[in-house]
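K.L.:
whatever this is, show me its structure:
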Amino acid sequence: MDSELAVLVASGATTLVSLMVTDSWTHARELVGRYLTRTGADPGTFDDLQDARTRLLGADATERERTAREISRRYGARLRRLAEADDDSDEALRALLTSLLQLSASATDSRRTVDNRISGGVQHGPVIQSGSVAGLTFHMDHVDRADRQ
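P.N.:
As a prediction, this is how the structure comes out:
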């Protein structure tokens with residue numbers, strides 16, 4: 001494996017771990033799953049990826065950094081082994097890692113502070129402020145206005 005690819009693998013593994021704790025995880029998992037399927041990796045690798053995420057999310061603040069480094073090293077080594085086992089997989093690995101880096105960048109760019117304020121009256125139920133809401137259902141008992149006082 002050339003040094004450029006080794007650097008890319010290390011960066012990709014770190015990016016993969018950082019995506020485990022974001023809303024972009026589902027997309028990242030799909031990308032990695034497709035790559036693992038193409039390379040003929042052990043099917044348990046995909047399950048192990050989800051287990052690693054569960055461990056990372058379950059780690060407390062003091063353990064999270066150590067757990068993230070451990071997972072990053074382990075997946076970096078796996079990606080290196082896959083690349084070394086098949087010379088033709090270099091381009092697919094580059095594409096995967098580039099996609100993960102782009103996904104991470106878009107996840108970072110989409111973070112922003114939201115400050116919502118409600119004023120002018122009394123709200124007697126849920127208030128939702130959002131750009132879009134889909135598939136949301138509220139089950140509430142109707143309370144007559146006279147009973148609220």
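K.L.:
distance from the chain centre to the longest helix anywhere in the chain, please.
P.N.:
For the chain, the helix with the greatest residue count under DSSP state H is helix 61-85. In terms of CA atoms, centre = their mean, to the nearest Å, the centre of helix 61-85 is set 15 Å apart from its chain centre.
K.L.:
residue nearest the centroid of this protein?
P.N.:
W25 (2.0 Å; CA atoms, centre = their mean).
K.L.:
who's in contact with that residue?
P.N.:
By CB atoms under 8 Å, 6 or more residues apart in numbering, the contact set of W25 is 19, 53. (C-beta placed from N, C-alpha, C; glycine too.)
K.L.:
circling back to that earlier point, for the following helix or strand past the longest helix of the chain, name the packing helices and strands.
P.N.:
Using DSSP states H and E, the helix or strand that follows helix 61-85 in sequence is helix 89-109. Using 3 or more CB pairs under 8 Å, 6 or more residues apart in numbering; DSSP states H and E, the elements in contact with helix 89-109 are helix 3-19, helix 25-39, helix 61-85.
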